[in-house]
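[1] My questions are about this predicted structure, shown below with the sequence.
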Amino acid sequence: MHLVLIGGGHAHALLLRRLATQPRHTFHKITLISPRATHVYSGMIASVIAGDVPMSCALIDIAACAYAARVQWIRDEAVHIDGHTVFTKSGHSVHFDVASLNVGSSRRDQHVCCDVPHALLRTSEDICMAMRAADGPDPIAVVGGGAAGIEVASALAARRRLRACSAPVYVISAKPELLASSSLWPREKHACLLRHGGFVPMLGHTVRAVFVHRRGYGLTLDNGDSLHVGHVIWLTGPSAPKWLQTSNIATCPDGYALVHPTLVVHNAPHIFAVGDCRTHIHAPTLDRSGVHAVHEAPILLHNVCAYGTATRLRPYRPRKRSLYLVRLGHRRAMATWGSFWAYGAPLYTLKRAIDSRYVRHNTAPIDRGS
Ligand SMILES: Cc1cc2nc3c(=O)[nH]c(=O)nc-3n(C[C@H](O)[C@H](O)[C@H](O)COP(=O)(O)OP(=O)(O)OC[C@H]3O[C@@H](n4cnc5c(N)ncnc54)[C@H](O)[C@@H]3O)c2cc1C
């Protein structure tokens, strides 16, 4: 049987590590389709921008993991799936018996009129560009007031403080408050974000258009105001990769691959989907976060190996709450767990320890045994 792994996200990185050290079961061939050799671990992007850790600490070498697992790596992007065939951007088609999708999500921007490319912070090049912008004299706009937007804006502001640069980092959000979700002591939480973030909030505003302006960009807001900045970073939350909707696989109304608890796509028993690109039929409101992609990995491994055998597939049971740690201010972090939250330096130490452990686990040399 031929297993094709589409995308080099969190779950596939862990899967490749395991495949390197355990028997390959029924697969005579395993292929990875990924446009990049490295995967940026998003939990560490803010620490890299702020200068706490070097970029190399946040990169997982997917190509090396594939090599160690004797998996063929095709440097390409999937654009369509039909039955047992995946078609790629460069015009190739790959036939598979079983496939797994871990391609993440796209950017949400449907209502923005824009003729310039946005930085999304998906690649090391994007992150380097953001750091160069922070080292320059012009204001920066981060669009999106969720956890990612706040964390990145605060890290950019921290980087600027170290270089005694006073140009502002704006956070533009359509919502009237940052990290707008139910929590205990919401006012105190909001005040804490504003006090320690170091950025300039522009709340209750939607970006209508982005255009080139002198050596940077102009943003037109919904109230007609314009903002001129040197760099724009787009962190408005996930949306489904468009090609999933035009492929012959079941998707939810938002366009994500629709999966059963076993991570099997609803109308395609030979395709699995994990991480941001899927919606669980039984838990449609589950967060799209790296935490779930990581926790789904062992279930995915068990289930792809069980495919076509008499072994029962295991269900993914998401935890009711997960701990989220957002870097905020100078080497401090805000933790949220359900509706509870806290802020302080020890939480950043905890975040660094968790993140470093994850990346180390994925980058340590693989011992295949004898
Ligand atoms: C700044 C920032 C900070 C964040 N911090 C956290 C955090 O602390 N904790 C947390 O839980 N979540 C965090 N998130 C969210 C988290 O990054 C995502 O939820 C997570 O990356 C999703 O993981 P994934 O494995 O599904 O996909 P991804 O990590 O997005 O990986 C998808 C991979 O698939 C590849 N790919 C894409 N399209 C194709 C295609 N068509 N064909 C082949 N390959 C393809 C991509 O190149 C990429 O390597 C953060 C997000 C951002 C932006």
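    Thanks, I have the structure now. Numbers count the residues shown, from 1 in each chain.
[2] Contact partners for Ile33?
    Contacts for Ile33 (Cβ atoms under 8 Å, 6 or more residues apart in numbering) come out as Val4, Leu5, Ile6, Gly7, Ile74, Asp76, Glu77, Ala78, Val86, Thr88, Val94. All C-beta spots, glycine's among them, are computed from the backbone N, C-alpha and C.
[3] got the residues of the stretch 201-350 of the chain near the ligand?
    Leu235, Gly275, Asp276, Cys277, Arg288, Ser289, Gly290, Val291, Ala293 (Cβ under 6 Å from any ligand atom).
[4] will you turn those residues into TSV that also has secondary structure?
    As requested, those are arranged in TSV below (DSSP: H, G, I helix; E, B strand; the rest coil):
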residue	secondary structure
Leu235	coil
Gly275	helix
Asp276	helix
Cys277	helix
Arg288	coil
Ser289	coil
Gly290	helix
Val291	helix
Ala293	helix
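[5] which one among these gets closest to the ligand?
    Gly275 (2.2 Å; Cβ to the nearest ligand atom).
[6] Contact partners for that closest one?
    Contacts of Gly275 by Cβ under 8 Å, 6+ apart are Gly9, His10, Ala11, Asn102, Val103, Gly104, Arg288, Gly290, His292, Ala293, Glu296.
[7] Break down the stretch 51-200 of the chain into its helices, ranges please.
    Using DSSP state H, counting those that start in this stretch, the helices found in the stretch 51-200 of the chain span residues 62-68, 124-135, 147-162, 186-197.
[8] angle of the longest one against helix 186-197?
    Same thing as helix 147-162. 40 degrees (axes from the mean of the first three to the mean of the last three Cα atoms, to 10 degrees).
[9] Touching, Val232 and Leu219? I think so.
    Yes: if you go by Cβ atoms under 8 Å, Val232 and Leu219 touch, sitting 6.8 Å apart.
[10] Common neighbours of the two, please.
    With Cβ under 8 Å, 6+ apart, Val232 and Leu219 have common neighbours Ala141, Val143, Val210.
[11] Look up how far Arg122 lies from the last one.
    Distance check for Val210 against Arg122: by Cβ to Cβ, to the nearest Å, it reads 18 Å.
[12] Tell me which of the two has more neighbours.
    Val210 (24 against 16; other Cβ atoms under 10 Å).
[13] ok, and the closest non-adjacent residue to Gly51?
    Arg159 (5.9 Å; Cβ to Cβ, 6 or more residues apart in numbering).
[14] hmm, back to that, and the shared contacts of Val232 and Leu219, which is closest to Ser34?
    Val143 (27.3 Å; Cβ to Cβ).
[15] for the closest one, what are its contacts?
    Contacts of Val143 (Cβ under 8 Å, 6+ apart): Gly149, Ile172, Ser173, Val207, Leu219, Val232, Ile233, Trp234, Leu235, Thr236.
[16] would a markdown table of those with distance to Leu16, pLDDT and neighbour count be doable?
    As requested, the contacts of Val143 are arranged in a markdown table below (distance: Cβ to Cβ, whole Å; pLDDT from 0 to 100; neighbours: other Cβ atoms under 10 Å):
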| residue | distance to Leu16 | pLDDT | neighbour count |
| --- | --- | --- | --- |
| Gly149 | 31 | 94 | 23 |
| Ile172 | 38 | 95 | 24 |
| Ser173 | 37 | 93 | 26 |
| Val207 | 38 | 91 | 25 |
| Leu219 | 40 | 92 | 24 |
| Val232 | 34 | 92 | 24 |
| Ile233 | 30 | 93 | 27 |
| Trp234 | 29 | 90 | 22 |
| Leu235 | 28 | 91 | 24 |
| Thr236 | 30 | 88 | 24 |
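[17] Right, I'll leave it there.
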